[in-house]
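# What shape does this take:
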Amino acid sequence: MRTTLILIVVLAACSSSTAPKPRSTLLYVANQRNNSVTVYARDTNGNVAPNATIAGASTGIDQPDGLLVDAAGRIYVTRVIPPGILVFAAGASGNVAPMRVIEGSNTRLGQAVGLALDAAGRLYVSNAGGDTITIYAAGAAGNVAPVAVIAGSNTRLSGPFGITFDATGRLYVANALTSRITIYAANASGNAAPVDSVVGASTALNGPAGLAFDPSGKLYVSNTNGTVQRVTVYSGGASGNATPVATITGANTGLDIPYGLLVDTTGKLYVSNAAFSSLQYKITVYAAGANGNIAPIATIAGSNTGLSAPLFMSF
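As a prediction, the model looks like this:
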């Protein structure tokens, strides 16, 4: 299943709740190709070893894509086979078993990609296989049925990747296959139509994967498809065929299949570069308000970092 998902992204050419949270000075990264989660200080720059690594047979990690750290420091990671969500204790490191796992036929998980928590602590999961959003009660574990599912032709879900919430609780979903951001009312369920969308030629969306809001409410989107690597930025409340208010693109940016996005409380932008073709794995960091062909202010890259097809990230 994972092979299929990668091919969707490359041949056609992951988060968290809305406001950046200062709960941790650490940066967590899901590495698809070496089945690990690596952890760095946020100010890391260069070819620096991670502060901690979660990896090994006991972890159950298999080609992780989605990653989320909750307010208590618990670490949520998606797994491909068998489909599941692994939850590790705060501060987990090494070859450790998860404290709980959501898995089994009742869960309706299918190629889980994006993760997000709502204000009530419910876990939202985007399933690129099946075009659904499954929602689980806080603390869910085992072969548990979702408490709600967003699915059906009215939803316009198509290859849902990154998901996040805005300040009002509306759910934003990056649909990689149709280059569309769909927006749902708070607590949407069933075959619910989006209340709004960002879509059209002027948006410059092309295989959107990661989503993040900055402190002012602007929406950042990574675009994984095409030969032009870019992160597009939209004004708060952008709708329809909206033109980006900023675009980070060009040789100086160092972007290489940008995937996961995070914006910290100061407005700095963190981008994971999946680099499926070049294998030059890295995390690039840009100053607040970055726009155009601008160089990163920091880059985590090199053999010591443990990065290997880095996908979604979390603070």
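# So which residues of the stretch 151-300 of the chain form strands?
160-165, 171-175, 180-184, 196-198, 208-213, 219-223, 230-234, 246-249, 258-263, 269-273, 282-286, 298-301 (DSSP state E, counting those that start in this stretch).
# Which among those strands is found nearest to residue 118?
strand 160-165 (6.3 Å; CB to CB). C-beta here means a position set from N, CA and C on the backbone, and glycine is covered the same way.
# Let me have the strands of the stretch 151-300 of the chain in CSV, adding mean neighbour count as columns.
Below are those laid out as CSV (neighbours: other CB atoms under 10 Å):
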stretch, mean neighbour count
strand 160-165, 27
strand 171-175, 27
strand 180-184, 23
strand 196-198, 21
strand 208-213, 26
strand 219-223, 27
strand 230-234, 23
strand 246-249, 20
strand 258-263, 26
strand 269-273, 26
strand 282-286, 23
strand 298-301, 20
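# Residue 127: which of the ones you listed is closest?
Among these, the nearest to residue 127 by CB to CB is strand 160-165 (7.0 Å).
# so the closest one versus strand 208-213, what angle?
Here the directions of strand 160-165 and strand 208-213 differ by 10 degrees (axes from the mean of the first three to the mean of the last three CA atoms, to 10 degrees).
# tell me the mean pLDDT for strand 160-165?
Mean per-residue pLDDT for strand 160-165: 98.
# helices or strands next to that strand in the packing?
strand 112-117, strand 123-127, strand 132-136, strand 171-175, strand 208-213 (3 or more CB pairs under 8 Å, 6 or more residues apart in numbering; DSSP states H and E).
# hang on, the earlier thing: can you put the strands of the stretch 151-300 of the chain in JSON lines and add distance to residue 91?
Below are the strands of the stretch 151-300 of the chain laid out as JSON lines (distance: least, CB to CB, whole Å):
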{"stretch": "strand 160-165", "distance to residue 91": "25"}
{"stretch": "strand 171-175", "distance to residue 91": "30"}
{"stretch": "strand 180-184", "distance to residue 91": "34"}
{"stretch": "strand 196-198", "distance to residue 91": "37"}
{"stretch": "strand 208-213", "distance to residue 91": "24"}
{"stretch": "strand 219-223", "distance to residue 91": "29"}
{"stretch": "strand 230-234", "distance to residue 91": "31"}
{"stretch": "strand 246-249", "distance to residue 91": "33"}
{"stretch": "strand 258-263", "distance to residue 91": "20"}
{"stretch": "strand 269-273", "distance to residue 91": "21"}
{"stretch": "strand 282-286", "distance to residue 91": "21"}
{"stretch": "strand 298-301", "distance to residue 91": "21"}
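# quick one: which of these is nearest residue 67?
Comparing the strands of the stretch 151-300 of the chain under CB to CB, the one sitting nearest is strand 258-263, at 7.7 Å.
# For residue 147, give its distance to residue 108.
11 Å (CB to CB, to the nearest Å).
# When those two are compared, which one has more neighbours?
residue 108 (17 against 14; other CB atoms under 10 Å).
# tell me the contacts of residue 196?
Counting by CB atoms under 8 Å, 6 or more residues apart in numbering, residue 196 makes contact with 183, 239, 240.
# for the helices and strands packed on strand 160-165, which one sits closest to residue 258?
Checking the helices and strands packed on strand 160-165 against residue 258 by CB to CB gives strand 208-213 as the closest, at 7.2 Å.
# Could you list the paired strands of that closest one along with their orientation?
strand 219-223 (antiparallel) (DSSP bridges).
# I figured residue 308 hits residue 32, correct?
Yes: between residue 308 and residue 32 a contact is recorded at 7.1 Å, counting by CB atoms under 8 Å.
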